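Student: structural data only, the sequence is not supplied:
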RNA sequence: GGCGCUUUCGUCUAGCGGCUAGGACACAUGCCUCUCACGCAUGGAACACGGGUUCGAUUCCCGUAGGCGCUACCA
């Protein structure tokens, strides 16, 4: 193929929020474009006026902004190949439809939806193609006068592509190699509808890709069956020399059960399928988003990149720049990938740990405030550092109690409440309390209070020196009971660190309170 | 039903004729330890099946079975 400039596009239809599978498709296009110094185009395919959803376009743009996937041209980004919204390209399509009509590659069909339904009832596996088109109402069977009359009457019609049967059509796919099908199984696809004066996907897609000089079409596998049709269209226009190269990506499958990942699966199974939270303008329904769940965009990108592709070695953590460098269409897998969101959580954990504590603070502070706690960034960063390697308990979808690493900033709250709020009551029945609070403990804690009170310097080092000398002399381990006093149960960081964080006064206050309650 | 794509641990995958079939997530165990952990170490776990081709198949070919997709005046 000719060595022309790499230009790829992501072309969603604005029928709702961006699906996570669409995000991955866009990501691969982006990686491919950037690796080759090419352009990445954002086109809106709104040729189905019935399915338009307000706000979807803005949502999609905001999603990519959050993810760090940047377009070079397109709707809202400018460029020299516009307009980039298909509903604004009506005149262009009309011209090309006419060209096909003039060349005898397409024809007008007047069959109403009802008539078509009737035919489908009448003939099993009815298909509008070479075997049936001569029994339908179209410009092939009607006289020129009849056709003109129908149009003059204002009768609605569609333009159908005339598929020549009995030909093996080959698609050279970058991921799958040569794919061929016989043109006889293709139907005479509708390319244009007079009702709304808009083309269908197939026509608009080919015309736009050609006019926008798209070099590679990287899209989901669901398009593979219609790829031969697209090849035929390029031929019909005489554009085969500049036809883009195709790559059909494997689909994202449900984590459990059968079928591809759908918009409805997400919240049902406990994970988002959309990058951003989506508020449905019609139903008012809210679907969760990765951003709102506390995912880091770079973690989501990394996770998604590896669902259907890998660099050929064991490397898993990769920045966007590394992905751009390493991405390779020929290393994409061919079969669908189950969406393993548990691994997504792990990716977020990895990326969260790479962030210095002060970068956790803004989000952490928000959560604290929501719980009525005011603190300082310094203190909050300290807490993050003490607790970021901990584990959080959660309930999975089957109602089982499970544990996992701190993977989201929001995981911190249940683990860190005691840093800011003293335990109000002490539960004698708590397993940890029962095990570590013995008859003599109150006395020992009293003694420890005495030791702490003697400290002028309440730093970790100072405490450690004095307390350790004391425990050696007395030969016992006060830490678990001390933990009960300050935390209320068996959680938290190193005791010296915790005490130093709370300060002498608060530490002793909590201890006295515990002694009084647990007596 | 028709057509196409696809098939390695539970999951994501490496492998591109000869390997004790590798890694990661998840799971289990041990070590560490002032709690829960992190970390570290260890472990269980896979080539769908049947024919070929070949000295030799996880790898190439053909079937079968399973999975996925498409089959609209939706994209």
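Tutor: That came in fine, so what should we check first? Note that the coordinates shown come from a computational prediction; the quantities given were computed from them, not determined experimentally. Residues are numbered from 1 along each chain as shown, chains lettered A, B, ... in the order given.
Student: quick one: neighbours of the spatially closest residue to residue A:167 that is not a sequence neighbour, just the number.
Tutor: If the residues on either side of it in the chain are set aside, residue A:167 comes closest to residue A:183, at 4.3 Å by C-beta to C-beta, 6 or more residues apart in numbering. No exception for glycine: its C-beta is placed from N, CA and C like everyone else's. The number of residues packed around residue A:183, counting by other C-beta atoms under 10 Å, is 18.
Student: okay, now the unreliable bits of chain A?
Tutor: Within chain A, the ranges that satisfy pLDDT under 70 run A:1-2.
Student: which residue ranges make up each domain of it?
Tutor: With domains defined by automatic domain parsing, chain A comprises A:7-75+A:213-251, A:90-193, A:431-518.
Student: how about those in a markdown table, adding distance to residue A:307?
Tutor: Shown next, in a markdown table, are the domains of chain A (distance: least, C-beta to C-beta, whole Å):
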| stretch | distance to residue A:307 |
| --- | --- |
| domain A:7-75+A:213-251 | 6 |
| domain A:90-193 | 14 |
| domain A:431-518 | 35 |
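Student: deepest in the core, which of these is it.
Tutor: Using mean count of other C-beta atoms under 10 Å, the stretch among the domains of chain A with the largest mean neighbour count is domain A:7-75+A:213-251, at a mean of 20.
Student: still on that earlier bit, for residue A:374, find the nearest of the domains of chain A.
Tutor: Nearest to residue A:374 among those is domain A:431-518 (15.6 Å), distances taken as C-beta to C-beta.
Student: do that closest one and RNA strand B meet?
Tutor: Yes. Using C-beta under 7 Å from any atom of the strand, a contact is recorded between domain A:431-518 and RNA strand B, made by A:432, A:477, A:479-480, A:482-483, A:490-496.
Student: between the two ends of that domain, how far is it?
Tutor: This stretch, domain A:431-518, spans 14 Å end to end (C-alpha to C-alpha, to the nearest Å).
Student: quick one: residue A:352 and residue A:360 touch, right?
Tutor: Yes. Residue A:352 is within contact range of residue A:360, at 7.4 Å (criterion: C-beta atoms under 8 Å).
Student: anything in contact with each of those two?
Tutor: Common contact partners of residue A:352 and residue A:360 (C-beta atoms under 8 Å, 6 or more residues apart in numbering): A:388, A:409.
Student: now do the same contact list for residue A:7.
Tutor: Residue A:7 neighbours (C-beta under 8 Å, 6+ apart): A:33, A:38-39, A:41, A:212-216.
Student: and which of these is nearest to residue A:392?
Tutor: Checking these one by one against residue A:392 (C-beta to C-beta), the nearest turns out to be residue A:33, at 38.9 Å.
Student: which SS state does the residue of the stretch 301-450 of chain A found nearest RNA strand B fall under?
Tutor: Among the residues of the stretch 301-450 of chain A, residue A:335 lies closest to RNA strand B, at 2.8 Å counting by C-beta to the nearest atom of the strand. Secondary structure state of residue A:335, per DSSP: H, G, I helix; E, B strand; the rest coil, is coil.
Student: likewise residue A:465?
Tutor: Once three-state DSSP is applied, residue A:465 turns out helix.
Student: any idea how far residue A:478 is from it?
Tutor: With distances taken as C-beta to C-beta, to the nearest Å, residue A:465 is found 15 Å from residue A:478.
Student: same thing with residue A:147?
Tutor: Relative to residue A:478, and taking C-beta to C-beta, residue A:147 is found at 97 Å.
Student: so what's the closest residue to residue A:255 other than its chain neighbours up against?
Tutor: Leaving aside its sequence neighbours, residue A:255 sits nearest to residue A:339 (C-beta to C-beta, 6+ apart; 5.3 Å). By C-beta under 8 Å, 6+ apart, the contact list for residue A:339 reads A:20, A:252-255, A:261, A:307.
Student: now the closest residue to residue A:374 other than its chain neighbours: which helix or strand?
Tutor: Nearest non-adjacent residue to residue A:374, counting by C-beta to C-beta, 6+ apart: residue A:368, 7.4 Å away. Using DSSP states H and E, residue A:368 falls within helix A:357-370.
Student: quick one: is the helix or strand just after that helix near RNA strand B?
Tutor: Once the chain leaves helix A:357-370, the next helix or strand it forms, by DSSP H and E, is helix A:377-387. No. Contact of helix A:377-387 with RNA strand B (C-beta under 7 Å from any atom of the strand) is absent, the minimum separation being 8.2 Å.
Student: now for whatever helix or strand comes next after helix A:377-387, which elements pack on it?
Tutor: Sequence order places strand A:391-395 as the next helix or strand after helix A:377-387, per DSSP H and E. Packing partners of strand A:391-395 (3 or more C-beta pairs under 8 Å, 6 or more residues apart in numbering; DSSP states H and E): strand A:401-405.
Student: what lies in contact with the strand it packs on?
Tutor: Contacts of strand A:401-405 (C-beta under 8 Å, 6+ apart): A:345-346, A:349, A:389-396.
Student: which among these end up buried?
Tutor: Neighbour counting with 16 or more other C-beta atoms under 10 Å marks A:345-346, A:349, A:390, A:392 as buried within the contacts of strand A:401-405.
Student: can you narrow the residues you listed to ones near RNA strand B?
Tutor: Contacts with RNA strand B are made by A:345-346, A:390 out of the buried ones among the contacts of strand A:401-405, judged by C-beta under 7 Å from any atom of the strand.
Student: next, format these as JSON lines and append distance to residue A:175.
Tutor: Below are those laid out as JSON lines (distance: C-beta to C-beta, whole Å):
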{"residue": "A:345", "distance to residue A:175": "28"}
{"residue": "A:346", "distance to residue A:175": "27"}
{"residue": "A:390", "distance to residue A:175": "42"}
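Student: residue contacts, residue A:68?
Tutor: Listed by C-beta under 8 Å, 6+ apart, the contact set of residue A:68 reads A:297-298, A:301, A:320.
Student: which of those residues sits closest to residue A:173?
Tutor: Among the contacts of residue A:68, and counting by C-beta to C-beta, the member closest to residue A:173 is residue A:301, at 24.9 Å.
Student: using the three-state scheme, assign that closest one.
Tutor: helix.
Student: ok, it - contacts?
Tutor: A:27, A:67-69, A:320, A:323.
Student: farthest-separated two in the residues you listed?
Tutor: A:67 and A:323, at 12.1 Å, using C-beta to C-beta across these.
Student: strands along the stretch 201-350 of chain A, start to end?
Tutor: For the stretch 201-350 of chain A, the strands defined by DSSP state E, counting those that start in this stretch cover A:216-220, A:245-249, A:252-253, A:278-279, A:286-287, A:337-338.
Student: let me fix that: the stretch 51-200 of chain A
Tutor: A:73-74, A:106-109, A:158-161, A:168-173, A:177-182, A:190-193, A:198-199.
Student: run the chain-centre distance for the last one.
Tutor: For strand A:198-199, the distance between its averaged C-alpha position and the chain's averaged C-alpha position is 30 Å (C-alpha atoms, centre = their mean, to the nearest Å).
Student: please apply the same query to the fifth one.
Tutor: Averaging C-alpha positions (C-alpha atoms, centre = their mean) puts strand A:177-182 31 Å from its chain's average.
Student: who's in contact with stretch A:230-244?
Tutor: By C-beta under 8 Å, 6+ apart, stretch A:230-244 touches A:2, A:4, A:96, A:99-100, A:103, A:105-106, A:161, A:163, A:169-171, A:183, A:186, A:202-203, A:205-206, A:209-210, A:213-217.
Student: I misspoke; the intended subject was stretch A:253-272.
Tutor: A:16-17, A:19-21, A:251-252, A:273-274, A:287-290, A:292-293, A:336-341, A:344, A:396-397.
Student: what residues of it count as buried?
Tutor: A:253-254, A:260-261, A:265-266, A:269, A:271-272.
Student: kind regards, and thank you for your time.
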